[in-house]
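> coords please:
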Amino acid sequence: MDYLYAVVLFAISSSITPGPNNIMVMTSGLNFGVRRSLPLLAGICVGFAIMLLLVGLGFGQLFSLWPDLHLLIKVIGTLYLLYLAWLIARSAGMATSKEQQQPLSFIKGALFQWVNAKAWVVATGAIAAFTTVGASFYSQNLTIALTFFIVSFPSVGVWMLFGSLLKRWLQHGKARQWFNYTMALLLVISVLPVVTELLTQLG
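The predicted structure is shown next:
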């Protein structure tokens, strides 16, 4: 039971703390409301649980065999995060383009986990910390994935609800636009450590 408590606490602390997933879902909650943001929330939670399972089954070891693959994913992930920051910055209170009127989908939320640097850190950290080599490894891996799946819905969902509640105070187009600029900036800042690491590797 102590093991499960430890996994739950780790899942809550890593899921509820600021990161690209929470920034995106809060911005979506503000701009599109709770109902239209639910597919993105579900995609994030399901996608990360699947990622945990695959990392536990040895997907992460591919990076040891092909380090260039890891570098490629980092580059793609960084560029994608910067693209999302640009989209968030463009999302004004009175969206006019079709692109701005559509929140990210379930599939995009799920696939985003594979290019999310924080997701990789949490996934590899969870598998390393809460699994042991032996017959119980696979049941432990499944326990971790299921725990994160259950815990991440309220932990990440709180950010979506917070974004939706902010809509009440940010009715003015300019206020919402500045909020989006701030969220875009926070997303860019969350990418900076990865950018620094990439520049060091490529340099």
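> Can you pull out the residues in contact with stretch 196-203?
Applying C-beta atoms under 8 Å, 6 or more residues apart in numbering, the contact partners of stretch 196-203 are Leu71, Lys74, Val75, Thr78. The way it works is simple: take the backbone N, C-alpha and C, and place the C-beta from them, glycine included.
> Are any of these buried, and if so which?
Lys74, Val75, Thr78 (16 or more other C-beta atoms under 10 Å).
> Would you confirm that the first one contacts Ala117?
Yes - with contact defined as C-beta atoms under 8 Å, Lys74 counts as touching Ala117 (7.3 Å).
> thinking again about what came up before, of the buried ones among the contacts of stretch 196-203, which belong to helices?
In helices, defined here by DSSP state H, the members of the buried ones among the contacts of stretch 196-203 are Lys74, Val75, Thr78.
> for the last one, what are its contacts?
Neighbouring residues of Thr78 by C-beta under 8 Å, 6+ apart: Ala117, Val191, Val194, Val195, Leu198.
> and those residues, which of them are in helices?
Judged by DSSP H, those include Ala117, Val191, Val194, Val195, Leu198 as members of helices.
> Closest to Phe106 out of those?
Nearest to Phe106 among the ones in helices among the contacts of Thr78, counting by C-beta to C-beta, is Ala117 at 21.5 Å.
> Now do the same contact list for Val158.
Taking C-beta under 8 Å, 6+ apart, we find Val158 in contact with Ile16.
> any idea how far Ser152 is from Ser13?
12 Å (C-beta to C-beta, to the nearest Å).
> Return the helix or strand in this protein with minimum mean pLDDT.
Lowest mean confidence among the helices and strands of the chain (mean pLDDT, DSSP states H and E): helix 62-65, at a mean of 70.
> Val122 touches Ser13, doesn't it?
No - taking C-beta under 8 Å as the definition, Val122 is not a contact partner of Ser13, at 9.8 Å.
> Compare those two (neighbour count), which wins?
In this view Val122 and Ser13 are compared by other C-beta atoms under 10 Å, and Val122 has more residues nearby, 24 against 12.
> who's in contact with the nearest residue to the more buried one once chain neighbours are set aside?
Using C-beta to C-beta, 6 or more residues apart in numbering and skipping residues adjacent in sequence, the residue nearest Val122 is Ser14, 4.7 Å away. Ser14 makes contact with Val122, Gly125, Ala126, according to C-beta under 8 Å, 6+ apart.
> Give me the three-state assignment for Ser14.
Three-state assignment for Ser14 (DSSP: H, G, I helix; E, B strand; the rest coil): helix.
> Can I get stretch 46-57 as PDB, trimmed to CA atoms?
Only the C-alpha atoms of stretch 46-57 are listed here, as PDB (Å, rounded to 0.1, in the frame of the first residue of the first chain):
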ATOM      1  CA  VAL A  46      -4.600   8.900 -22.500                       C
ATOM      2  CA  GLY A  47      -1.600   9.700 -24.500                       C
ATOM      3  CA  PHE A  48       0.700  10.000 -21.500                       C
ATOM      4  CA  ALA A  49      -0.600   6.700 -20.000                       C
ATOM      5  CA  ILE A  50       0.200   4.900 -23.300                       C
ATOM      6  CA  MET A  51       3.600   6.600 -23.300                       C
ATOM      7  CA  LEU A  52       4.300   5.300 -19.800                       C
ATOM      8  CA  LEU A  53       3.500   1.800 -20.800                       C
ATOM      9  CA  LEU A  54       5.700   1.900 -23.900                       C
ATOM     10  CA  VAL A  55       8.600   3.500 -22.100                       C
ATOM     11  CA  GLY A  56       8.300   0.700 -19.500                       C
ATOM     12  CA  LEU A  57       8.300  -1.900 -22.200                       C
END
